[in-house]
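Student: Kindly return the folded structure for what I paste below:
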Amino acid sequence: MARNANITVGENWIISGAGVINAGTSTVNLVAASGTKSIASRNQPFYDIAFNGAALFRITNNLFVNNDLNILNGMLDVSNSPSYNVYVAGDWTNQASFNAQTGTVVFNGSSGQAIYRSTGENYYNLTIQNTGSGVTLANGNVTVANQLTMVSGNIITGSYRLVVGTSVFSPGSLSRTAGIIVGNMTRWINSVATDYLFPVGSATEYHYAILRPVSGLTAGTVTISYIASDPGSTGLPLREGSDSVIVQFGRGYWNAQPANGFNCTNYSLSLLANFFSNGDSFVNAGSRILRRNNSGPWFLDGNHQDATITPTDTVCYRLALNGLDPVACQFTIGGTSCIGGIIASDQIVCQGVVPSPFTNVEFPKGGNGVFTYTWQYSTNLTANPGDGSWTDLPGSNAANYAYSSPITSKMLIVRKVTVPGCTAKYSNVLFIDMYYAPNTGPLYRVPNK
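Tutor: Coordinates of the predicted model:
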């Protein structure tokens with residue numbers, strides 16, 4: 001074949017024996033008007049291929065397309081028993097019919113690819129193995145009936161949806177190694193005690209959501225997307241136990257929409273919150289998943305579970321959530337106050353006596369790392385924590401502290417705490433009162449007479 005030809009074929013396309021074809025940058029147009037036509041390429045690739053006749057075009061081995069695949073008329077059928085796979089390195093355009101059977105379509109381009117199907121494309125298995133800027137749903141939804149496999153490359157949905165599964169009886173499955181769904185992902189959810197992964201995020205940041213039904217499930221679909229913008233602070237601050245949720249992280253939030261009858265009265269949610277910070281506050285074990293209904297005020301639904309923080313991932317959790325608003329729910333991460341904790345206790349000692357050890361009553365909270373403690377004292381009884389009248393006590397990097405020197409004056413004691421993500425915080429101030437030793441003056445011995 002010429003390396004840049006336009007070839008039109010009105011019958012079967014068959015390469016047999018030792019036949020070899022070098023597609024170059026040529027386009028093959030298959031224009032048969034009727035019947036069933038075989039496409040037997042013996043796994044040799046096309047560059048561009050266009051199906052532009054009213055016939056049924058059936059592949060009899062795997063189809064490799066180094067650039068664009070266009071179904072302009074008729075039907076492309078991948079056969080049955082077995083079904084074959086279609087590998088596309090460019091764009092996919094379907095203006096006619098595609099019979100996915102039980103085959104797999106693989107997008108394996110090295111630059112951006114797009115799927116064009118205004119009424120929505122349907123695949124049985126779909127594999128994304130793009131090493132460029134990803135695969136875009138250009139003008140319609142895409143439904144994967146059986147398995148979505150994400151090997152590499154993002155899926156950019158725009159205003160459309162990537163749907164896994166076709167019903168409560170055929171929920172489909174997901175296998176992910178890498179890649180992000182930038183936009184809307186819909187999953188059929190029909191089982192309790194099952195983790196449903198939504199590998200969503202922005203183009204450069206992965207922020208998955210995992211929804212796990214626990215009980216009270218009515219099967220249906222949930223669509224989740226991640227929006228990389230500040231969700232606002234309406235409803236804050238909130239109080240839960242001893243923690244105050246004072247700020248929303250402006251990095252982004254998750255939007256969740258139920259449909260097809262979905263409801264669940266008890267489910268858990270896990271959110272990957274890497275890169276979430278607000279200057280003075282980072283995600284930490286006490287950070288909360290916040291919920292709002294249809295862009296209303298934030299509130300706390302369900303029960304908190306401490307976040308897990310590793311060198312690579314920060315995951316926040318919420319348990320026993322109840323239902324999703326019929327229009328939409330949003331979820332984000334709320335930062336708790338950075339606090340210095342509480343120490344005990346005030347003491348009264350005699351001059352020259354070592355005071356009792358100072359003990360931790362409540363640990364500090366906040367930040368995103370290891371706490372560093374510095375105990376300090378001041379003989380200025382009007383001093384305020386953080387001003388210049390305090391002196392560091394040596395060897396005091398611990399939640400408790402034993403003062404080892406005898407007291408010679410009245411003083412104040414405070415515990416300073418530093419941690420990444422927080423400015424320095426201080427405990428309550430302790431007052432060490434002192435009784436001075438009595439001064440009797442000189443002693444005289446007067447003999448008895």
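Student: Provide a list of residues in contact with the nearest residue to Gly341 once chain neighbours are set aside.
Tutor: Counting by Cβ to Cβ, 6 or more residues apart in numbering, Gly341 lies nearest to Pro364, which is 4.1 Å off, once chain neighbours are set aside. No exception for glycine: its C-beta is placed from N, CA and C like everyone else's. Going by Cβ atoms under 8 Å, 6 or more residues apart in numbering, Pro364 touches 338-341, 371, 417, 419, 425, 427.
Student: Just flag the most distant two among those residues.
Tutor: Val419 and Ser427 (13.7 Å; Cβ to Cβ).
Student: Of the two, which one has the most company?
Tutor: More neighbours surround Ser427 than the other of Val419 and Ser427, with 25 against 21 (other Cβ atoms under 10 Å).
Student: Does that one touch Ser345 like I think?
Tutor: No: judged on Cβ atoms under 8 Å, Ser427 makes no contact with Ser345 at a distance of 11.6 Å.
Student: follow-up on the earlier one: measure the residue nearest to Gly341 to Glu240 for me?
Tutor: According to Cβ to Cβ, to the nearest Å, Pro364 stands 18 Å off from Glu240.
Student: Which members of the contacts of Pro364 occur in strands, if any?
Tutor: Using DSSP state E, the members of the contacts of Pro364 that fall within strands are 417, 419, 425.
Student: Show me which of those residues is closest to Ala138.
Tutor: Within the ones in strands among the contacts of Pro364, the smallest distance to Ala138 is 47.0 Å, found for Val419 (Cβ to Cβ).
Student: got the ones in strands among the contacts of Pro364 as TSV, with pLDDT and distance to Val135 columns?
Tutor: Listed next are those as TSV, based on pLDDT from 0 to 100; distance: Cβ to Cβ, whole Å:
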residue	pLDDT	distance to Val135
Val417	95	48
Val419	82	42
Lys425	92	47
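Student: any chance of the residues you listed in JSON lines, plus distance to Leu393?
Tutor: Shown next, in JSON lines, are the ones in strands among the contacts of Pro364 (distance: Cβ to Cβ, whole Å):
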{"residue": "Val417", "distance to Leu393": "14"}
{"residue": "Val419", "distance to Leu393": "19"}
{"residue": "Lys425", "distance to Leu393": "17"}
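Student: Let me know the closest of the residues you listed to Gly109.
Tutor: Taking Cβ to Cβ as the measure, Val419 is the one of those closest to Gly109, at 45.6 Å.
Student: Counting neighbours, what do you get for Arg271?
Tutor: Slight slip there: residue 271 is Leu, not Arg. When neighbours are defined as other Cβ under 10 Å, Leu271 has 24 of them.
Student: same question but for Ser110, I mixed them up
Tutor: Residues lying near Ser110 (other Cβ under 10 Å) number 11.
Student: Ramachandran angles for it?
Tutor: Main-chain dihedrals, Ser110, degrees, to the nearest 10: phi -100, psi 0.
Student: again, but for Thr177
Tutor: When quoted as degrees, to the nearest 10, the phi and psi of Thr177 stand at phi -100, psi -40.
Student: Confirm for me that it is in contact with Met150.
Tutor: Yes: counting by Cβ under 8 Å, Thr177 touches Met150, with 6.4 Å between them.
Student: When these two are compared, which one has more neighbours?
Tutor: Met150 (21 against 10).
Student: Which helix or which strand is home to that one?
Tutor: strand 142-152 (DSSP states H and E).
Student: Please list the outside residues in contact with whatever helix or strand comes next after that strand.
Tutor: Next along the chain after strand 142-152, taking DSSP H and E as the criterion, comes strand 155-164. For strand 155-164, the surrounding residues in contact (Cβ under 8 Å, 6+ apart) are 128, 134-144, 148, 171-174, 179-188, 203, 221, 223, 225.
Student: Tell me where the model's unsure across the stretch 301-449 of the chain.
Tutor: 367-369, 421, 440-441, 443, 449 (pLDDT under 70).
Student: Now with 90, please.
Tutor: The model of the stretch 301-449 of the chain has pLDDT under 90 over residues 309-311, 335-339, 362-371, 395, 419-423, 436-449.
Student: so what's Gly19 scoring on pLDDT?
Tutor: Gly19 carries a pLDDT value of 77.
Student: now do the one 3 residues further on
Tutor: The predicted local confidence for Asn22 comes out at a pLDDT of 83.
Student: Let me know the helix or strand that the residue nearest to Gln101 when sequence neighbours are not counted is in.
Tutor: For Gln101, ignoring the flanking residues on the chain, the nearest one in space by Cβ to Cβ, 6+ apart is Ser83 at 4.0 Å. Secondary structure assignment for Ser83, by DSSP H and E: no helix or strand.
Student: Taking the centroid of this protein, which residue is nearest it?
Tutor: His207 (2.0 Å; Cα atoms, centre = their mean).
Student: which ones are touching that one?
Tutor: So His207 contacts 200-201, 226, 252, 254, 271-274 (Cβ under 8 Å, 6+ apart).
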